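Colleague: Here's my sequence, what's the structure:
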Amino acid sequence: MSNRAVKSGIAAEAQSKVDAKYNEEQAAECLQWIAAVTGQDIDQSGGADNFYEVLKDGSLLCEVINKLLPGQIKKITKSTMAFKCMENINNFVEGAKKAGVPSQETFQTVDLWERQNLNSVVICIQSLGRKGSQFGVPSIGPKEAEKNVRQFTEEQLRAGDSVISLQYGSNKGANQAGMSFGNTRHM
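Modeller: Just a heads-up that it's a prediction; the model follows:
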């Protein structure tokens, strides 16, 4: 973690709200999935400290991308230098996008490196984990929906034209008689 000043005031309140969103069970599920995909023996407890320590250098995350998309990340750095670790994390995020994770479910490098928002890291890993079965590895979370395109004949489409919906002004004889909203007051 960088040598940032301790937050205070509104910034501290905002950070505590961000930290409160972190879910240890979901983080543990993510770490279990990472261990299953990479085959590495890692501490799979979901505590924020452990989650951060396991993933902070980004090398394990890069290995996950290379298991899903072989050769996607050419060089995984094992260095503890800040810019090398941040490069690994950024490579993971870019690889996750190429694997199909929507950009709104990814995170910024500082969210992990500076431990700003570990919940967004969990969301990104979960999103990537849902796509696992597409790449021949186990998946986590709910199964993603598949496209269900339906084709209707012209006759089926025209059949709906003869039905009078209750939303077309007829509500079984009810009308707006007696409504006075908007009327002037009669003296």
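
Colleague: show me where pLDDT drops low in the protein?
Modeller: For the chain, applying pLDDT under 70 flags the ranges 1-3, 164-183, 187.

Colleague: For it, give the helix that spans the most residues.
Modeller: helix 82-98 (DSSP state H).

Colleague: What helices and strands are in contact with that helix?
Modeller: Judged by 3 or more Cβ pairs under 8 Å, 6 or more residues apart in numbering; DSSP states H and E, helix 82-98 is in contact with helix 59-68, helix 109-113, helix 118-130. In this view, the C-beta of every residue, glycine as well, is placed from N, C-alpha and C.

Colleague: who's in contact with Gln44?
Modeller: Listed by Cβ atoms under 8 Å, 6 or more residues apart in numbering, the contact set of Gln44 reads Ala28, Leu31, Gln32, Ala35.

Colleague: Run the chain-centre distance for stretch 96-103.
Modeller: Relative to the centre of its chain, stretch 96-103 is centred 10 Å away, using Cα atoms, centre = their mean, to the nearest Å.

Colleague: which residues are in contact with it?
Modeller: Stretch 96-103 is contacted from outside by Ile65, Leu68, Leu69, Gln72, Thr106, Cys124, Ser127, Leu128, Lys131, Gln134, Phe135, using Cβ under 8 Å, 6+ apart.

Colleague: Narrow these to those that are buried.
Modeller: The neighbour-count test (16 or more other Cβ atoms under 10 Å) marks Ile65, Leu68, Gln72, Thr106, Cys124, Ser127, Leu128, Lys131 as buried among those.

Colleague: Enumerate every residue touching Cys85.
Modeller: Neighbours of Cys85 in contact, by Cβ under 8 Å, 6+ apart: Lys56, Asp57, Gly58, Thr77, Ser79, Trp113.

Colleague: Next one: the closest residue to the fifth one other than its chain neighbours relative to Ile42, how far apart?
Modeller: Distances taken as Cβ to Cβ, 6 or more residues apart in numbering place Cys85 nearest to Ser79, at 7.1 Å, with adjacent residues excluded. Noted for Cys85: a distance of 17 Å to Ile42, by Cβ to Cβ, to the nearest Å.

Colleague: ok, now Lys78?
Modeller: Applying Cβ to Cβ, the value for Lys78 to Ile42 is 15 Å.

Colleague: Which one's more surrounded, the two?
Modeller: Neighbours of Lys78 and Ile42, each counted by other Cβ atoms under 10 Å, are more numerous for Ile42; the result is 15 against 9.

Colleague: sec struct for that one, please.
Modeller: Classification of Ile42 by DSSP: H, G, I helix; E, B strand; the rest coil places it in coil.
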